[in-house]
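S.K.: One predicted model, sequence on top.
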Amino acid sequence: MYLDNQIVRRFMNNKYIRPRIKPIYPVYKLNDLLFRVGAQLGLTTEFEDPEGKLYELVSLLDGRELNEIIVAMKKKFADLTDEDIFEGLEILCNEDLIEEYEDYSKYDIDDRYLPNISYFSRFMKYGMNAYDIQKKINDSTILLLGLGGGGSNILTLLSGLGPKKIKIVDYDKVEKSNLGRQLIYKESDLGKLKVKVAVNALKEMNSTIEVEGYNQKIETSDDVLKYTDGVDLVICVIDEPPFIAQKTVNKAIVEAKVPCVFGASQVSRGRVFSVIPNITGCFDCLNIHYTLHDDKFVEQFVGFRNISFNPPTVAYAPAMYQLTAAIVDEAVRIITGYMEARSLGTQYEINYEDGSSFTHPSWSRYEKDCPTCGNGKTDKWEIFRYYDKK
Ligand SMILES: [Zn+2]
């Protein structure tokens, strides 16, 4: 049976490879019959091993060559064949407990990223390399729109992930009322342009990242398109004016064919949704989706547009961190694929009150009807009329 298995063939064909138990997992015995790999709830595998053969194999999986492992196993258990040992390795592979030893020193990798790589290793199937995930981040260029409660904290998270280049766009100045949650700004920065302060702060946090800052208010999609050249992913955390900002950025990223993660905070919940142009539904597809599926959507939109609602800023730093962490993790998922993104064609909502999250019903791409990412006409949809009005 195992002869058909790709992983087993990999072991059979190359006995110089160095499989090891992922260093993130402890290995320990419960008694003479049982042992476990891993200790986290949901990430612990228990093995029944009355003869102690699998435990012995696991103990040898410390990064030494497969050749040596086979010799040592056979020395201890004379009846074992190579195939038996491959079968044992297959069991461990199927539980995602082993990886091939990598000498990271050969990659000249910045030590600050090693914990990221350990985290990614949890998600790697045998034969995948967590370093490749970090490398994809290190090779990427990100355009960050907005340096408020979202963007300023996102920038600190990005600094630890180390994209090749970050372009940041904002037009505001640092005010005292920002200091409760926009924690890259200091008292001595009051009155300075956020973009300038943020560029300098990023350089101090991670000098390996190329950074460009632009003092620009985003009012049209052309204001975004000026900066999308060479960009792998956009993060949009400008949410003023509500809906219109997202619609403007959406138009630009669809035209530029660059994926975008959008994030916005409400009162005690935040939302993240992502658009991959021409693959997932875009923001205007969402407008069409709501028009078709929610008979009060247009009325609510118009009602909201007709009032002048100027709420105080509702942004409590611990809540903002929940949202910005989710935004950046989505960005990493989209750039690297280390895990499936949670916000493609759906809105991923985080409830700050209890730390829970859920995804809204998904919406698809309306290729025929969407005026932005498809072949539709704007005037067919009443909703788009109210975006232009003001
Ligand atoms: Zn669309």
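M.R.: Received it, and whenever you're ready, just let me know what you need. Nothing here was measured: the structure is a model prediction, and the numbers come from that model.

S.K.: So which bits of stretch 84-101 are buried?
M.R.: Residues 84-93, 96-100 are the ones in stretch 84-101 that count as buried (16 or more other C-beta atoms under 10 Å). The C-beta positions use only the backbone N, C-alpha and C, and glycine is treated the same way.

S.K.: just the residues you listed now: which is nearest residue 16?
M.R.: Nearest to residue 16 among the buried residues of stretch 84-101, counting by C-beta to C-beta, is residue 100 at 10.7 Å.

S.K.: Residue 213 sits in which helix or strand?
M.R.: strand 210-215 (DSSP states H and E).

S.K.: Tell me how many other residues crowd the residue in the stretch 1-150 of the chain that the ion sits nearest to.
M.R.: Residue of the stretch 1-150 of the chain nearest the ion, by C-beta to the ion: residue 145 (19.1 Å). Residues contacting residue 145 under the criterion other C-beta atoms under 10 Å number 28.

S.K.: that older thread, among the buried residues of stretch 84-101, which are in strands?
M.R.: Among the buried residues of stretch 84-101, the ones falling in strands (DSSP state E) are 98-100.

S.K.: what lines up beside the strand holding residue 213 in the sheet?
M.R.: Paired with strand 210-215 in the same sheet, following DSSP bridges, are strand 165-170 (parallel).

S.K.: What are the contacting residues of the strand it pairs with?
M.R.: Strand 165-170 has contacts (C-beta atoms under 8 Å, 6 or more residues apart in numbering) with 141-148, 151, 155, 158, 193-195, 198-199, 202, 209-216, 218, 224, 227, 230-231.

S.K.: From these, keep the buried residues only.
M.R.: Buried among those (16+ other C-beta under 10 Å): 141-148, 151, 155, 158, 193-195, 198-199, 202, 209, 211, 213-214, 216, 218, 224, 227, 231.

S.K.: average model confidence for the longest helix anywhere in the chain?
M.R.: Secondary structure of the chain per DSSP state H: the longest helix is helix 317-336. In this model, helix 317-336 has a mean pLDDT of 97.

S.K.: how about it: buried residues?
M.R.: Across helix 317-336, burial judged by 16+ other C-beta under 10 Å covers 319-324, 326-336.

S.K.: repeat for stretch 110-128
M.R.: 113, 116-117, 120-122, 124, 126, 128.

S.K.: Low-confidence stretches in the chain?
M.R.: Of all residues in the chain, those with pLDDT under 70 make up the ranges 1-4, 389-390.

S.K.: how about the residues of it that lie near the ion?
M.R.: Counting by C-beta under 5 Å from the ion, the residues of the chain close to the ion are 282, 284-285, 370, 372-373.

S.K.: Please tell me how far residue 206 sits from the ion.
M.R.: As for residue 206, its distance to the ion is 35 Å (criterion: C-beta to the ion, to the nearest Å).

S.K.: thought that residue was touching residue 162?
M.R.: Yes - here residue 206 reaches residue 162: they are 6.1 Å apart, a contact under C-beta atoms under 8 Å.

S.K.: shared neighbours of these two, anything?
M.R.: residue 112.

S.K.: related to what we said a few turns ago, so of the buried residues of stretch 84-101, which ones are in helices?
M.R.: Going by DSSP H, the helices hold 84-93 from the buried residues of stretch 84-101.

S.K.: List just the nearest of the residues you listed to residue 5.
M.R.: Once C-beta to C-beta is applied, the member of these that ends up nearest residue 5 is residue 90, at 6.2 Å.

S.K.: just checking, the closest one touches residue 7?
M.R.: Yes - between residue 90 and residue 7 there is a contact under C-beta under 8 Å: 6.0 Å.

S.K.: need the helices for the stretch 251-390 of the chain, in chain order.
M.R.: 283-293, 297-306, 317-336, 382-388 (DSSP state H, counting those that start in this stretch).

S.K.: actually the stretch 1-150 of the chain, not the one I typed
M.R.: Counting by DSSP H, counting those that start in this stretch, the helices of the stretch 1-150 of the chain are 6-13, 53-60, 66-76, 82-94, 114-121, 130-138.

S.K.: what distance separates stretch 116-125 from the middle of the whole chain?
M.R.: 13 Å (C-alpha atoms, centre = their mean, to the nearest Å).

S.K.: now what about stretch 45-62, what contacts it?
M.R.: For stretch 45-62, using C-beta under 8 Å, 6+ apart, the contacting residues are 19-21, 27, 29-30, 32-38, 68-69, 72-73, 76-77, 80, 84-85, 88-89, 91-92, 95, 97-98.

S.K.: Now do the buried residues in it.
M.R.: For stretch 45-62, by 16+ other C-beta under 10 Å, it's 47, 49, 53-58, 60-61.

S.K.: of all those, which comes closest to residue 301?
M.R.: residue 47 (56.9 Å).

S.K.: Next, find the distance separating the closest one from residue 18.
M.R.: 22 Å (C-beta to C-beta, to the nearest Å).

S.K.: Could you do residue 144 as well?
M.R.: 40 Å.

S.K.: same deal with residue 299?
M.R.: 64 Å.

S.K.: out of those two, which sits in the more crowded spot?
M.R.: The neighbour comparison of residue 299 against residue 18 (other C-beta under 10 Å) goes to residue 18, with 18 against 10.

S.K.: Now the more buried one. Nearest residue, chain neighbours left out?
M.R.: residue 101 (3.8 Å; C-beta to C-beta, 6 or more residues apart in numbering).

S.K.: contacting residues around the one you found?
M.R.: With C-beta under 8 Å, 6+ apart, residue 101 has these contacts: 18-20, 63.

S.K.: What subset of those is buried?
M.R.: Using 16+ other C-beta under 10 Å as the threshold, 18-20 are the buried ones among the contacts of residue 101.
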